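[1] 3D model of this:
(one chain, ligands or ions: 1)
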Amino acid sequence: MKPPALLQMTAPLREDFDIVYHDIGSSDVAPRVALVAGIHGDELNGVFVLARLAAFLKSVCEGQQPGQRLCERVVVIPAVNVLGVNTRSRRWPFDGTDINRMFPGYAAGETTQRIAHAVLERTRPAYFRIDIHSSNLDFEELPQVRLYEPNDSERRHAREFGLTAVVERRMNTVFTSTIGHAWRECGGENFVIQAGQAGVLQPGHCERLFRALVTFLHRNGILQGAPLSHDDEDVHYFGLQQTFPLISESAGFFVSRLGVGHWLQAGDLIGQVYDGFHGDLRLDVRAPIGGLLSGIRRQPLLFEGDLIARIQSRHSVPEGVDTYLHGHGQ
Ligand SMILES: [Zn+2]
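    Alright, predicted model coming up:
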């Protein structure tokens, strides 16, 4: 059966197209959870995982998962920027707008304003709201929960995904038209999950993310009887002053063999910068502090001032210039 459409749109010279969503569980009660991915059309990990999660939850409802039961209503929107997914575009293809700069949206507005409005209306009634991203084409993020000036309940529930890192951040005061800002006005509890890199599908990150979402649903009494793995990693909570962005001081080819999630000691090698013409080694990039490597640059063409890596420290670090958090990954 075809899932219902959040919004139906027409185009001058092609068939109409829909943004589909899944509304799973009893329609007599308000949704307990709303999950959203693909606001940026090239962030494929979240789109894939939410489509898989919707299929799984439906199979639970249909009795195909013995011993498991869905106790609450769940809304899943796997691909908000549905045309962007088809064209591998972060932005809305027709007019180049970033849907995550269009909230709260407007029902009688331009297409992306209407999309934002429809997404907000569909997710507003839920108590838990989860927005999934995958950084950008240049950078890979360890699957992690991001909290923006959270309350204590959000801090506590963020741990229930069982992901290695929960990272607290300030609200972005530059871009206030994100879904995160709009959700905050609605109350409830709101989470952003960052997982992997845009433009590619990363099965390892996808499996981890799927497990995290099922664990969260289970621990909040939304899904019963799911077999959870007992080898969950330790959860580490990083406050506002515990993120260190490592910024490049020279240009060249950046090469790293490290995977995200690696624990670094101060002085450990993160990667190398080579001269693009001569191939000479220009620089060993070393960790200035110890901590968890929560993100690393995968685009080799490196300019001065580019973000190379993010390290989550167990201790407070001086707050760096975090402009990348504003322009990227959200
Ligand atoms: Zn994004």
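[2] Give me the contacts around stretch 97-106.
    With contact meaning Cβ atoms under 8 Å, 6 or more residues apart in numbering, stretch 97-106 is reached by 39-40, 80-81, 90-92, 110, 112-120, 175, 177-179, 181-182, 185, 330. C-beta here means a position set from N, CA and C on the backbone, and glycine is covered the same way.
[3] The residues you listed also near the ion: which ones?
    Among the contacts of stretch 97-106, the ones lying near the ion by Cβ under 5 Å from the ion are residue 40.
[4] Can you give me the distance of residue 147 to the ion?
    16 Å (Cβ to the ion, to the nearest Å).
[5] and the stretch 101-250 of the chain, which residues reach the ion?
    residue 133.
[6] that older thread, list the ones among the contacts of stretch 97-106 that fall in helices.
    Among these, DSSP state H puts 112-120, 179, 181-182 in helices.
[7] quick revisit: derive a ChimeraX selection command for the buried subset of the contacts of stretch 97-106.
    Entered in ChimeraX, the line below selects the buried ones among the contacts of stretch 97-106, by 16 or more other Cβ atoms under 10 Å:
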select :39,40,80,81,90,91,92,112,113,114,115,116,117,118,119,120,175,177,178,179,181,182,330
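[8] Kindly reformat the ones in helices among the contacts of stretch 97-106 as CSV and extend each row with pLDDT.
    Listed next are the ones in helices among the contacts of stretch 97-106 as CSV, based on pLDDT from 0 to 100:
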residue, pLDDT
112, 94
113, 95
114, 95
115, 95
116, 96
117, 97
118, 96
119, 97
120, 97
179, 95
181, 94
182, 96
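[9] Among those, which pair sits farthest apart?
    By the measure Cβ to Cβ, 114 and 181 form the most distant pair in the ones in helices among the contacts of stretch 97-106, at 18.3 Å.
[10] Return the distance of residue 254 relative to the ion.
    Counting by Cβ to the ion, the gap from residue 254 to the ion is 22 Å.
[11] Tell me who's in contact with the closest residue to the ion within the stretch 101-250 of the chain.
    For the stretch 101-250 of the chain, the residue closest to the ion is residue 133, as judged by Cβ to the ion, at 3.4 Å. Residues in contact with residue 133 (Cβ under 8 Å, 6+ apart) are 37, 39-40, 43, 46, 192-195, 329-330.
[12] shaky segments in the stretch 1-150 of the chain?
    Counting by pLDDT under 70, the stretch 1-150 of the chain has low-confidence residues at 1.
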